[in-house]
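Engineer: My questions concern the predicted model and sequence given below.
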Amino acid sequence: MSLASAWMLGVFINAAAAACPAWTPARAHVELDALGRQLQSWDITYHRDGYSPVDDAVYDQARMRYEEWRRCFADVARLDADPLAASRGTVAHPIVQTGLRKLPDAEAVDAWLRAQQGDLWMQPKVDGVAVTLLYADGELRLAVSRGDGKRGEDWTAKLRDVDAVPKHLTNAPVQVVLQGELFWRLADHVQADDGGVGARSQVAGALQRDSLDASAAANIGFFVWDWPDGPAEIEARLDRLESFGFADAAAFTVPVSDIDDVREWREAWFHAALPFAADGVVIRHGRRPDGSAWTAKPPDWAVAWKFPPAQVLADVVGVEFAIGRTGRITPILKLDGVRLDDRDIRRVSLGSFGQWQRLDIRPGDQIAIALAGLAIPRVDSVVWRTRERAEVAAPKPDDFNALTCWHPDIACRQQFLARLEWLGSRQNLDLGIGKRAWSELVDAGLSDGLLDWMDLDAEQWARLPSIGKARAASIAQALRSARGRSFATWMRALGAPPVAGGLLDDWTSSAGSDVDAWRNQGVDAARAAALAAFFHDAEVQSLAQRLRAAAVDGFQ
C-alpha cells in the first residue's frame, strides 16, 4: 500500500484515542507545523522518488496523530493536511480511483459485515503501485498512475513493455477501464515471515525511471481490483477478466458471509505462499454502483483490513536508566501503551547509554518499535521529535563501573541491588531470594553491605513483607549452604572478572597477583588489569576479610 493509498483508506480514530496534549496555542502551532511538514516530506519522497521513508503502519499512525492534534487545536493555523497534494498529475483518470476505508480490527469488520446485505467477496490487498488502464476497441490506449485519484501521470509508454499488461483484449467491449495494482513478482512469498521485502518500492522505483529495462518489465505483475464499467455481477466480471488474461483476479477473489470467513481467509493469506506481497485484505460487495458514479473518496461498498503491522508508532512518556551490577547504564523508554502482535508494550530498552545519547530520545518523541525475534520489543527509529525538548535527569557513565556501589547510597541503590540479585541468583549462591525481597531488605536497613544478609536469622527474614515464616526457614537453610560453596563460586558471586577454570583457587594467591602475574598465567592484558584492580580494591578486600571470619573455604 502506498502512502497515498494508506491515507485514502481513511483514518479510523479509536474511541480510546489519547487525550489532547496540554499545550499552549503557541506550542501547538509549532508541534502541528513540525509534524505536518514531516508528513509532507514523506509524501513527496514517496511520490517523487518512488519509495516509502517509513513503514506504512507507522505512516498511518503518524497521520492519525496529526489529525487528532488538529481536532484538539482546531483554532491553530496549520499546513494543508492533504497527503496527495504532491501527487497530482496532468492526466485525468477515465474513472476516478476511490481508495478504501481501513478498519482497525475484527470488531469493526464484523460491524461492517453485519450492516451489509450479503453478496460479499474478499481479495488479498496486493502491496504495489496503483494504476488505471483504458482499453478502446480492445487496444491499450492509456495507463494513468494513482496520483490523487482524479489525475495522475501518463505511464502508457512504460507499461507497453510490461508483459502482465496486455496490449490487446480479445472480444472486449468498446471501452474497458481496469483499476488495479502493479506488483513485483515474488516466489512463494509468505507475508507473515517475509514482510513487504521492499516489493512495492521496487515497482515504484522502476516506474520512476525514464524507461523500463527488460528485467524490471518482466518482474512486474498486474492484479485487477475492479472493472468499474464492467458487468454488474462480480462473477461475470471475474469470468471476463480471466478470459482477458487477468487470472489472478479470479484466483484470489472468494465469497465470504461473516467474520469467521473473513478471519479464516485473512489468516490463510497472511501465512500462505503467494506470488506477491500483500499488506491486508479487501472485503467488497459483489455489486456496486457503476463507475460513472464513483468519487475520489472511500466508498461504503468496500473496506480494507490490514495484516498485523511489523512496526507501530509509540509515544515516549518517560526515560529511566537501569544501572546493572557492573555499572552498565541501560536506558529504558516508558511508552504510552501500544499493542504489537497481540502484546501490550509499555517499556522498551535502548540497549546502551551511548545509543540513547546518539538518538537523544525524550518524552514527547514518537518512535517506531518492532519485535526482535518475535518476542523482545526494539526501537527501530525515531519517527518524529517534539520541538520543545524535555529535560532528562540522566546518570553520568563515569560515576559507575565494576568497582562502584558496594553500599546502597541514594545514587548507588540500583547497582547495589543488582549486585545482591547476581550474588543470590541460581548460577551463583542460589539463595532463593528475588528482587523484591532484596529491595525490602535494603529498605528495612538490614543490608548496608553486600554480605550483611549472612548475619540475619529466620525471624528477621520473616519480617519482610514478601517472605513469611515458611519461606524464611528455607532461606535460612540456603544461607547456611552458601557458606560451603567453592571459592570460585564466591568470586563469581562477588563480581570478579571471569577467567578460565583453575586460576581462582584461593584468596591469598589471587590477591597477591599483579597484572604481570595474571599475564604470565595466560590472561589477556585487559582482563589482567581488571583482575588486579578487583583483588586490590579496598571494598573487595573488606568482603574477603568478612568471609575469612566466617570460615568460608578459600579465604583462610
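Structural biologist: Received, thanks. Numbering: from 1, shown residues only.

Engineer: Quick one: the strands in the stretch 151-300 of the chain, in order.
Structural biologist: Assigned by DSSP state E, counting those that start in this stretch, the stretch 151-300 of the chain shows strands spanning 151-152, 175-184, 189-190, 220-226, 254-256, 273-274, 278-285.

Engineer: Nearest the middle, which residue of this structure would you pick?
Structural biologist: Nearest residue to the geometric centre of the chain (C-alpha atoms, centre = their mean): Ala370, 2.1 Å.

Engineer: ok, Ala525 - contacts?
Structural biologist: Val515, Arg519 (C-beta atoms under 8 Å, 6 or more residues apart in numbering). Glycine gets a C-beta too; all of them are placed from N, C-alpha and C.

Engineer: Quick one, grab the pLDDT at it.
Structural biologist: As predicted, Ala525 sits at a pLDDT of 95.

Engineer: That one and Val515: what is the separation?
Structural biologist: Distance of Ala525 to Val515, computed by C-beta to C-beta, to the nearest Å: 8 Å.

Engineer: Check Ala34 too.
Structural biologist: 54 Å.

Engineer: Could you chop this protein up by domain?
Structural biologist: The chain breaks down by automatic domain parsing into domains covering 3-86, 91-306, 312-395, 399-549.

Engineer: Would you mind giving those domains as a markdown table with distance to Phe555 added?
Structural biologist: Shown next, in a markdown table, are those (distance: least, C-beta to C-beta, whole Å):
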| stretch | distance to Phe555 |
| --- | --- |
| domain 3-86 | 57 |
| domain 91-306 | 55 |
| domain 312-395 | 21 |
| domain 399-549 | 4 |
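
Engineer: For Arg343, the count of nearby residues, please.
Structural biologist: Neighbour count of Arg343, defined by other C-beta atoms under 10 Å: 11.

Engineer: and what of the one 5 residues further on?
Structural biologist: When neighbours are counted by other C-beta under 10 Å, Val348 registers 21.

Engineer: Which neighbouring elements make contact with the longest helix belonging to the chain?
Structural biologist: Assignment by DSSP state H gives helix 25-44 as the longest helix of the chain. Judged by 3 or more C-beta pairs under 8 Å, 6 or more residues apart in numbering; DSSP states H and E, helix 25-44 is in contact with helix 3-8, helix 56-72, strand 376-384.

Engineer: Give me the angle between the longest one and helix 25-44.
Structural biologist: Spelled out, that is helix 56-72. Calculated by axes from the mean of the first three to the mean of the last three C-alpha atoms, to 10 degrees, helix 56-72 forms an angle of 150 degrees with helix 25-44.

Engineer: Return the distance of helix 56-72 from the chain's centre.
Structural biologist: With C-alpha atoms, centre = their mean, to the nearest Å as the basis, helix 56-72 stands 17 Å off its chain's centre.

Engineer: and for the following helix or strand past it, what are the contacting residues?
Structural biologist: Downstream of helix 56-72, the first helix or strand assigned by DSSP states H and E is strand 91-92. The contact list for strand 91-92 (C-beta under 8 Å, 6+ apart) reads Leu142, Val144, Lys150, Arg151, Gly152, Glu153, Asp154.

Engineer: how about stretch 115-122: buried residues?
Structural biologist: Across stretch 115-122, burial judged by 16 or more other C-beta atoms under 10 Å covers Leu120, Trp121, Met122.

Engineer: Quick check: which ranges of this structure have low pLDDT?
Structural biologist: Within the chain, the stretches with pLDDT under 70 are 1-18, 46-51, 77-88, 373-374, 501-502.

Engineer: Report how many residues lie close to Glu391.
Structural biologist: A count of nearby residues for Glu391, using other C-beta under 10 Å, gives 7.

Engineer: Next one: it from Leu429, what distance?
Structural biologist: As judged by C-beta to C-beta, Glu391 and Leu429 stand 41 Å apart.

Engineer: what does Lys158 give?
Structural biologist: According to C-beta to C-beta, Lys158 and Leu429 sit 71 Å apart.

Engineer: The closest residue to Ala214 other than its chain neighbours: what's it in contact with?
Structural biologist: Among residues not flanking Ala214 along the chain, Asp161 sits closest, at 7.7 Å (C-beta to C-beta, 6 or more residues apart in numbering). Counting by C-beta under 8 Å, 6+ apart, Asp161 makes contact with Ser211, Leu212, Ala214, Ala217.

Engineer: ok, now Pro231?
Structural biologist: By C-beta under 8 Å, 6+ apart, the contact set of Pro231 is Arg237, Arg240.

Engineer: try Val96
Structural biologist: Gly149, Lys150, Trp294, Thr295, Ala296.

Engineer: Let's see that with 10 Å instead.
Structural biologist: For Val96, the contacting residues are 132, 148-151, 179, 228, 291-292, 294-297, by C-beta atoms under 10 Å, 6 or more residues apart in numbering.

Engineer: Relative to Ala293, how far out is it?
Structural biologist: 10 Å.

Engineer: Leaving out the residues flanking it, which one is nearest to the residue of the chain positioned farthest from its centre?
Structural biologist: Relative to the centre of the chain, the most outlying C-alpha is that of Gln556, 54.5 Å out, by C-alpha atoms, centre = their mean. Spatial nearest neighbour of Gln556, excluding adjacent residues (C-beta to C-beta, 6+ apart): Arg548 at 6.1 Å.

Engineer: Is the one you found in a helix, a strand, or coil?
Structural biologist: Assigned with DSSP: H, G, I helix; E, B strand; the rest coil, Arg548 falls in the helix class.

Engineer: And Gly449, by the same measure?
Structural biologist: Assigned by three-state DSSP, the conformation of Gly449 is coil.

Engineer: ok, it to Glu440 distance?
Structural biologist: The gap separating Gly449 from Glu440 is 17 Å, by C-beta to C-beta.

Engineer: When the two are compared, which one has more neighbours?
Structural biologist: Taking neighbours as other C-beta under 10 Å, Gly449 and Glu440 compare with Glu440 leading, 19 against 15.

Engineer: need the contact list for that one.
Structural biologist: Contact partners of Glu440, counting by C-beta under 10 Å, 6+ apart, are Ile433, Gly434, Leu446, Ser447, Trp461, Arg463, Leu464, Pro465, Ser466, Ile467.

Engineer: are any of those residues buried, and which?
Structural biologist: Buried among those by 16+ other C-beta under 10 Å: Ile433, Leu446, Ser447, Trp461, Leu464, Ile467.

Engineer: I'd like the residues you listed as JSON lines, with secondary structure and distance to Trp406 appended.
Structural biologist: Formatted as JSON lines, these follow (DSSP: H, G, I helix; E, B strand; the rest coil; distance: C-beta to C-beta, whole Å):
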{"residue": "Ile433", "secondary structure": "coil", "distance to Trp406": "18"}
{"residue": "Leu446", "secondary structure": "coil", "distance to Trp406": "16"}
{"residue": "Ser447", "secondary structure": "coil", "distance to Trp406": "11"}
{"residue": "Trp461", "secondary structure": "helix", "distance to Trp406": "22"}
{"residue": "Leu464", "secondary structure": "coil", "distance to Trp406": "22"}
{"residue": "Ile467", "secondary structure": "coil", "distance to Trp406": "24"}
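
Engineer: ok, of those residues, which one's closest to Leu241?
Structural biologist: Nearest to Leu241 out of those is Ile433 (C-beta to C-beta; 69.4 Å).

Engineer: I'd guessed the closest one sits against Ala476; true?
Structural biologist: No. Applying C-beta atoms under 10 Å, one finds Ile433 not in contact with Ala476, separated by 11.2 Å.

Engineer: can you list residues touching both of these two?
Structural biologist: In contact with both Ile433 and Ala476: Trp461, using C-beta under 10 Å, 6+ apart.

Engineer: so how far is the longest helix of the chain off the chain centroid?
Structural biologist: Centroid separation for helix 25-44 versus its chain: 23 Å, with C-alpha atoms, centre = their mean.
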